[in-house]
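Enquirer: below: sequence and its predicted model.
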Number of protein chains: 2
Amino acid sequence: MAGNEALRLVARELELLEGIGGLLHWDQQTQMPVRGGPLRGEQLGLLSRLAHERLTSTRFADALAEAEAVGGATEAERAGLRNLRKAYDRAVLVDPALVSRLAEAEATGFDAWLGARKNEDVAAFLPQLDELLGLLRAKAAQLDNTRAPYDVLVDIHDPGTSAASLRALFGRLVPEIHRLVEAVRGRPHPAGVEGTFPIERQMALCREVAAAIGYDFDRGRIDLAVHPFAVGLGPGDVRITTRYDASTLLPGLGGVIHEVGHALYEQGLPWDLAGTGVSEASSTGVHESQSRFWENTIGRSLPFYRWLAPKVREAFPGVDVDAERLFGAANRIEPSLIRVEADEVTYNLHIAIRVEIEIALLHGELPLSELEGAWNDRYAELLGIRPPRPSQGVLQDVHWASGAFAYFPSYTLGNLYAAGLGAQLWADIPDLWERVEAGDFAPILGWLRSRVHERGSIDRGEATIRRVVGERDLVDDLLGHVWGRHGALYGVTR
Amino acid sequence: MAGNEALRLVARELELLEGIGGLLHWDQQTQMPVRGGPLRGEQLGLLSRLAHERLTSTRFADALAEAEAVGGATEAERAGLRNLRKAYDRAVLVDPALVSRLAEAEATGFDAWLGARKNEDVAAFLPQLDELLGLLRAKAAQLDNTRAPYDVLVDIHDPGTSAASLRALFGRLVPEIHRLVEAVRGRPHPAGVEGTFPIERQMALCREVAAAIGYDFDRGRIDLAVHPFAVGLGPGDVRITTRYDASTLLPGLGGVIHEVGHALYEQGLPWDLAGTGVSEASSTGVHESQSRFWENTIGRSLPFYRWLAPKVREAFPGVDVDAERLFGAANRIEPSLIRVEADEVTYNLHIAIRVEIEIALLHGELPLSELEGAWNDRYAELLGIRPPRPSQGVLQDVHWASGAFAYFPSYTLGNLYAAGLGAQLWADIPDLWERVEAGDFAPILGWLRSRVHERGSIDRGEATIRRVVGERDLVDDLLGHVWGRHGALYGVTR
């Protein structure tokens, strides 16, 4: 068997194992009996071991080396070899004992975080956090001891990003966002959408919206879950979950559109190239750009609500609502303590605070004893509110507790990429907003499919976006977007 | 690591892989998007390969040999080593090329069967059946060329059974069952239960029954599926599926109780011995005994319906029903052409015909050109009706088309074991039927748990039952049961 064929077999097996793990996670969140947890843990542990065995096998290494010796004949083949090489190197460079210790520390960290959050006791969580940071620094050093730990770790999720690039990015973005937040402070908010929204009807409406946007229900399904997510098992099976609250409409709807954005990306990946190392998402940030683009750029626009408003009135006859009211309610700027409840604008400040702090923690520039104070001070400075308790402050997110350092940047990267894509899309499809108002989303999806989705991970991270938008200033695009939309709504100008 | 520990690790991995496969099958039948099939096929194929790799690995072989050299300290340990050795030998004795050809022939056979059944064309299916039979004979010869093919294959599902033992068994059973069927022929049937049974209410009633019998919903769930089944993923997760028809009550209810019987067995297996080779079911026939016992022995008894009738009246207020009427309707004897719709009595004749024929086919004693005629003749002789078309005759079941020869005996073995267990249970718990009438099923489940479920596969097949019931004559028990219940209902005596 030629190197490429042998390589494709193992690489495909790795993808399949990941998809099976995805199904097990989905089932755990949506279907599994309450006492199925320990068994599920065993099953997922086995799948990880099997994937690691496969990835570090001589069979894989030999096939990869043989394929590299021949070289890729096309851009996609060369990119696939590069991606597979990176995956192999990452798997073999880290000492298996460290991988085990990290997995244990993540599990312990998660439990400690749950307890500390419940008891509002940051100090109780710090020893576990300290251990996790130590292990992550060790992992980063084993991967590449010539670079700073944060740069090594962030490269896993968002290739091409570094502590320095993020500091520069947020250094420009934060003052401008802060200026917008301050400009609207004290001004009257747009009216909200009041009413009762029976969950069955919300579900029906959201399914209609998902289908209109382009989500293929023959290759997916929507279920209820405590934590909304999207999971791509592979071609033909990309599922999303969501949650609804009968007292409010927009959060559930926004959640569905967000997850549909992720799912459209997964449904549009180049599955004909499965097993060649490029049929997966380009990066976490690019994934997030797809969800944010549909949720915010399209899904919170006035033309979108012009299309949606009659459907909302039909679904909820007693509710007094029109497009303008939906638009206003969805685009309020209200500084708050909880990231997952934040509006589109202040969301980036929540991320900025986390990125600043996690870089400092990982690089030993912020002692753990000062973590809570640093967090609270930055919230006071940037958002004008100080967390009264840790559960509403530094203990609110699960990420650090489960070892997910250097993951937060992807949220704001996603917003920036989405803004760039939106600006470019507007240039490419001049009647974009007329289309949206008419509920004709096919040109948008087609544009994203050919430019982003079908490229898979031929490019990684920002390079995927740059290929589409060129040298645009993404910070400018995002600021233009929020000042244009939110500033106008509040009657303030940049 | 000691041999036993190393062995337990791999053996547990094999169990986990099987459980993951079970989840994938369950999801395919209940949740999977319509276009998810090809991916699911890839995933299941990989799991098979991984399990086969594991089972035939030197790691497993060495650990097994080391553990055998030390020997088992307990009955369970010795039984576990025996079971794992058998699994290993089975995996390594069969040529992998034959395994692949068989898998292909099963897939082709299935497709050919679908087409032939649709076109009512037996001849179109015979070439594939011929190929399958040839491959199965080859597999049997590779496993053990000192025994007849059928004996080798039936041992996989029902250890301790052989063509000769089955011929002897059915030789006694068939004339007696046939005599009962003839005795009631022409006599008036008990009244049926007429009405409309909204599916939501059937589901609620069935859930109540399942819980009352002892099905633990914290470690399981019930879903709708086209083909009812039970699947045990491992401790903490044993799921069942079922289907309902709003025009009739008893088939849906019986189906749920049947699957709950399987599930109670899986939920009661000795999970503390996971990874030692004995925490699985004893045999297919013993599994079937658990479903049949609950479905028929308990679930079609008059005391059971005395407990159930008020619940049925409450769930379906318009339906004229009492315990006697439910009992009569559930125990009609009506010779019919379709196995899966057969009553408890004639069911065994359907199985007898299949077992006779599959032994003759596998041993080359029946030319394929005579298959359809032999089938139709036997239906005319034993059931008094002749299939008008193949879809209602020899092409009705999927088993042979998918290579499942020597599987049919387990259905009647299950009935025989259930009858023996029932007779013994009655001797051990004299107030059994008063308990059932009071809806107190815990003593029955407790009795089965300690005697059958918790023994797992320490004994295999009939030995599991014999340990509980001793040297009882199981054919006599089954005949006593059906003559006692159905004969009485029709006013005929043995």
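Expert: Structure's in. What do you need?
Enquirer: contact partners of the host helix or strand of A:D223?
Expert: Here A:D223 sits within strand A:222-224, counting by DSSP states H and E. Residues outside strand A:222-224 that contact it (C-beta atoms under 8 Å, 6 or more residues apart in numbering or on different chains): A:30, A:203, A:206-207, A:210, A:239-244, A:256. All C-beta atoms are positioned from the backbone trio N, CA, C, and that covers glycine.
Enquirer: so the closest residue to chain B within the stretch 51-200 of chain A: helix, strand or coil?
Expert: For the stretch 51-200 of chain A and chain B, the shortest gap (C-beta to the nearest C-beta) falls at A:R54, measuring 9.3 Å. Under DSSP: H, G, I helix; E, B strand; the rest coil, A:R54 falls in the helix class.
Enquirer: repeat that for A:L233.
Expert: strand.
Enquirer: so what's it up against?
Expert: Taking C-beta under 8 Å, 6+ apart as the test, what A:L233 contacts is A:19-20, A:22-23, A:26, A:239, B:36, B:39, B:43.
Enquirer: which of these ranks first by neighbour count?
Expert: Within these, most neighbours by other C-beta atoms under 10 Å in any protein chain shown means A:I20, with 27 neighbours.
Enquirer: name the nearest residue to that one, ignoring sequence neighbours.
Expert: With C-beta to C-beta, 6 or more residues apart in numbering or on different chains as the criterion, A:I20 has its nearest non-adjacent residue at 5.4 Å, and that residue is B:Q43.
Enquirer: about what we covered before: wait, the residue of the stretch 51-200 of chain A closest to chain B touches A:A61, no?
Expert: No. Counting by C-beta atoms under 8 Å, A:R54 stays clear of A:A61, with 10.9 Å between them.
Enquirer: can you tell me the element A:V238 falls in?
Expert: According to DSSP H and E, A:V238 maps onto strand A:237-242.
Enquirer: now do the very next helix or strand once past that strand against strand A:237-242, angle only.
Expert: Downstream of strand A:237-242, the first helix or strand assigned by DSSP H and E is helix A:250-267. With axes from the mean of the first three to the mean of the last three C-alpha atoms, to 10 degrees defining the directions, helix A:250-267 sits at 170 degrees from strand A:237-242.
Enquirer: list the buried residues of helix A:250-267.
Expert: Neighbour counts over helix A:250-267 (16 or more other C-beta atoms under 10 Å in any protein chain shown) mark A:250-267 as buried.
Enquirer: what comes into contact with stretch A:357-373?
Expert: Contacts with stretch A:357-373, where a contact means C-beta under 8 Å, 6+ apart, come from A:122, A:126, A:129-130, A:133, A:136-137, A:140, A:148-150, A:153, A:163, A:166-167, A:374-375, A:378, A:390, A:393-394, A:400, A:405-406, A:408.
Enquirer: just the buried residues from those residues, in ChimeraX please.
Expert: Here is the ChimeraX command that picks out the buried ones among those, judged by 16+ other C-beta under 10 Å:
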select /A:122,126,129,133,136,137,140,148,149,150,153,163,166,374,375,378,390,393,394,400,405,406,408
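Enquirer: next step: the contacts of stretch A:357-373 restricted to helices.
Expert: A:126, A:129-130, A:133, A:136-137, A:140, A:149-150, A:153, A:163, A:166-167, A:374-375, A:378 (DSSP state H).
Enquirer: can the contacts of strand A:222-224 go into CSV with extra columns for pLDDT?
Expert: Below are those laid out as CSV (pLDDT from 0 to 100):
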residue, pLDDT
A:T30, 95
A:M203, 97
A:C206, 98
A:R207, 98
A:A210, 98
A:R239, 98
A:I240, 97
A:T241, 96
A:T242, 95
A:R243, 93
A:Y244, 95
A:V256, 97
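Enquirer: most surrounded residue in these?
Expert: That'd be A:V256 among those, by other C-beta under 10 Å, with 30 neighbours.
Enquirer: now stretch A:15-31: how far from the chain's centre is it?
Expert: 18 Å (C-alpha atoms, centre = their mean, to the nearest Å).
Enquirer: coming back round to it: so A:R54 and A:A61 - more neighbours on which side?
Expert: The residue with more neighbours, out of A:R54 and A:A61, is A:R54; 17 against 14, by other C-beta under 10 Å.
Enquirer: quick one: residues contacting that one.
Expert: Counted by C-beta under 8 Å, 6+ apart, A:R54 has contacts A:10, A:13-14, A:17, A:60.
Enquirer: now for those, which pair is the farthest apart?
Expert: Using C-beta to C-beta, the contacts of A:R54 reach their maximum pairwise distance at A:L17 and A:F60, which is 12.6 Å.
Enquirer: contact residues of the stretch 151-300 of chain A facing chain B?
Expert: Applying C-beta under 8 Å from any C-beta of the partner chain, one finds that the stretch 151-300 of chain A approaches chain B through A:216-221, A:233-237, A:239.
Enquirer: dump the residues you listed to CSV, plus distance to A:F316.
Expert: As requested, those are arranged in CSV below (distance: C-beta to C-beta, whole Å):
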residue, distance to A:F316
A:D216, 27
A:F217, 23
A:D218, 29
A:R219, 30
A:G220, 26
A:R221, 24
A:L233, 34
A:G234, 37
A:P235, 37
A:G236, 34
A:D237, 32
A:R239, 27
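Enquirer: farthest pair within these?
Expert: Top of the distance list for those (C-beta to C-beta): A:F217 and A:G234, 16.7 Å.
Enquirer: more crowded one of those two?
Expert: Using other C-beta under 10 Å, the more surrounded residue of A:F217 and A:G234 is A:G234, with 26 against 13.
Enquirer: next one: that one relative to B:G236, how far apart?
Expert: Counting by C-beta to C-beta, to the nearest Å, the separation of A:G234 from B:G236 is 27 Å.
Enquirer: where do the strands sit along the stretch 351-494 of chain A?
Expert: Taking DSSP state E, counting those that start in this stretch, the stretch 351-494 of chain A contains no strands at all.
Enquirer: for chain B, give me its nearest residue in it.
Expert: Relative to chain B, the nearest point of the stretch 351-494 of chain A is A:G456 (16.6 Å; C-beta to the nearest C-beta).
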